[in-house]
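[1] next comes the sequence, and after it the predicted model I'd like to discuss.
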Amino acid sequence: MQVAIDGPASAGKSTVAKIVAKNLNFIYIDTGAMYRACTLIAQKGNVDYGDEAEILKLLAKNKIEFKNGEKEQKVFINGQDVSLAIRTPEITANVSQVSALPGIREKMVELQRKMAGENNVIMDGRDIGTTVLPNADVKIFLIASVASRAKRRFLDFKEKGIHQDLAEIEHDIEERDYKDSHRKISPLKKATDAIELDTTNLTIDEVVAKITTLIEKKQ
Ligand code: C5P
């Protein structure tokens with residue numbers, strides 16, 4: 001069983017995907033974390049975020065691993081836990097540039113399909129229903145107002161000890177959505193057969209319940 005959850009930044013995709021995966025004993029794959037890890041590798045290597053050839057060279061030299069931890073998927077670069085380092089404002093501000101590079105996407109999509117394999121998976125991202133798993137059994141497109149998404153991210157950051165202004169977060173979200181939905185390859189787009197779910201006025205539990213019902217109908 002394959003479940004694809006796509007949508008704009010901070011719509012709650014990973015929060016609900018993690019819970020549903022745990023409840024149903026599915027593997028959760030956070031594809032955004034993969035593009036963030038590529039961005040961190042570029043940053044650490046002092047490589048321009050648009051320099052595809054150099055970033056690909058660095059990717060070949062550095063070992064990226066994704067492990068499903070107790071609470072969330074952890075990301076390691078050369079054995080070092082970078083799960084927090086990939087979520088800083090600097091990485092968030094530049095990830096869309098790196099993720100728009102065709103060679104990087106090709107590598108990540110290949111890895112994502114391999115990770116999905118024959119397993120029961122819930123994968124979240126921007127192009128899962130359109131490109132990575134076009135035959136997914138359930139496709140969901142999660143949306144929410146920019147204001148509510150910014151507020152959620154602000155609270156999430158606060159919990160992680162990262163401070164960023166609410167207005168700045170709102171601006172960053174809009175900018176990232178614009179870049180992600182206007183890039184040439186696999187832009188953020190609702191798959192024609194995806195079910196749109198507006199989470200603006202829904203609690204996490206309500207979204208989890210709706211998605212679980214959709215999955216159970218297909219089982
Ligand atoms: O989901 P998250 O906000 O962590 O994703 C970070 C960035 O990674 C997105 O803004 C987008 O540029 C990129 N991304 C992507 N395709 C995916 C998942 C994420 O291009 N499937």
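    Looks like it came in fine.

[2] strands paired with the helix or strand of the chain with the lowest mean pLDDT, and their directions?
    Scoring the helices and strands of the chain by mean pLDDT, DSSP states H and E places strand 64-68 at the bottom, with a mean of 87. Next to strand 64-68 in the sheet, as set by DSSP bridges, lie strand 73-77 (antiparallel).

[3] what's the following helix or strand after the strand it pairs with?
    Later in the chain than strand 73-77, the nearest helix or strand by DSSP states H and E is strand 80-81.

[4] same for the next helix or strand after that following strand, what does it pack against?
    Toward the C-terminus, strand 80-81 is succeeded by helix 89-99 as the next helix or strand (DSSP H and E). When contacts are defined as 3 or more Cβ pairs under 8 Å, 6 or more residues apart in numbering; DSSP states H and E, helix 89-99 sits against helix 31-44, helix 166-182. No exception for glycine: its C-beta is placed from N, CA and C like everyone else's.

[5] mean neighbour count, distance to the ligand and mean pLDDT added to those, as a markdown table?
    Formatted as a markdown table, those follow (neighbours: other Cβ atoms under 10 Å; distance: least, Cβ to the nearest ligand atom, whole Å; pLDDT from 0 to 100):
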| stretch | mean neighbour count | distance to the ligand | mean pLDDT |
| --- | --- | --- | --- |
| helix 31-44 | 22 | 2 | 97 |
| helix 166-182 | 16 | 5 | 95 |
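
[6] relative to L202, which of these is closest?
    Evaluated over the helices and strands packed on helix 89-99, closeness to L202 peaks at helix 166-182, with 18.4 Å, by Cβ to Cβ.

[7] the inter-axis angle of that closest one versus helix 89-99?
    Angle, helix 166-182 to helix 89-99, by axes from the mean of the first three to the mean of the last three Cα atoms, to 10 degrees: 10 degrees.
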